[in-house]
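J.: coordinates only, no sequence provided:
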């Protein structure tokens, strides 16, 4: 029934549950998950440095890619530039998407006031089913230092030694990624900001 499931993501905490739903649906129907992040452009675009916005978009789709790989779900990723809802709908048409799964809370503040609700516009204009998922999880680990501490503990428990921070931890879709340097080379550790679960990324 569904062969291609699209989950648009901006890497915000609100996309966490949407990603999980998209992967569950894709797994059920042996479908491919598509992860799309749109870097807004124009006068109503993101109120942040464009290079930072592009790097954040890449991290957002990489998060979906890692979760899909862990679940054994085929995945395709893309980073586009444009008006978010228009880029999403264009991607739906071009890639033959059968279903969209979207979080209803993404970027907030002035950026959202200017751009409006992307999910609302997509729901109104899409020709395919759209599943909207509201963020209900509470983020428990908001401090990068706490995420780093948990990551170091897990890496040490797995036999990694001489640990040092390779790059600053960052949170994407409700998960901290902590990259450490070790006696065995670089090691990436994911720390779930909601549950506190920690795992080494293979």
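T.: Received, thanks. Here the structure is a predicted model, which is why all the values come from computation and not from measurement.

J.: next, the buried residues of the lengthiest helix in the chain.
T.: In the chain, with assignment by DSSP state H, the single longest helix is helix 50-71. Across helix 50-71, burial judged by 16 or more other C-beta atoms under 10 Å covers 53, 56-68. Every residue, glycine included, has its C-beta placed from N, CA and C.

J.: quick one: which of those residues is nearest residue 15?
T.: Nearest to residue 15 among those, counting by C-beta to C-beta, is residue 60 at 7.2 Å.

J.: domain map for the protein?
T.: Here the domain parsing of the chain from automatic domain parsing is 4-133, 144-200.

J.: which residues of this structure score low on pLDDT?
T.: Flagging of the chain using pLDDT under 70 yields the residue ranges 42-49, 105-116, 135-137, 202.

J.: run the last query once more with 50
T.: 44, 46, 106-116 (pLDDT under 50).

J.: need the strands for it, in chain order.
T.: 4-8, 32-40, 75-82, 99-103, 130-133, 164-165, 170-172, 175-182, 185-192, 198-200 (DSSP state E).

J.: for residue 17, find the nearest of these.
T.: That would be strand 130-133 among the strands of the chain, by C-beta to C-beta, at 4.7 Å.

J.: just say which of the domains of the chain is most tucked in.
T.: Neighbour counts (mean count of other C-beta atoms under 10 Å) averaged over each of these peak at domain 4-133, with a mean of 19.

J.: okay, how far is it across that one, tip to tip?
T.: End-to-end distance of domain 4-133: 18 Å, with C-alpha to C-alpha, to the nearest Å as the criterion.
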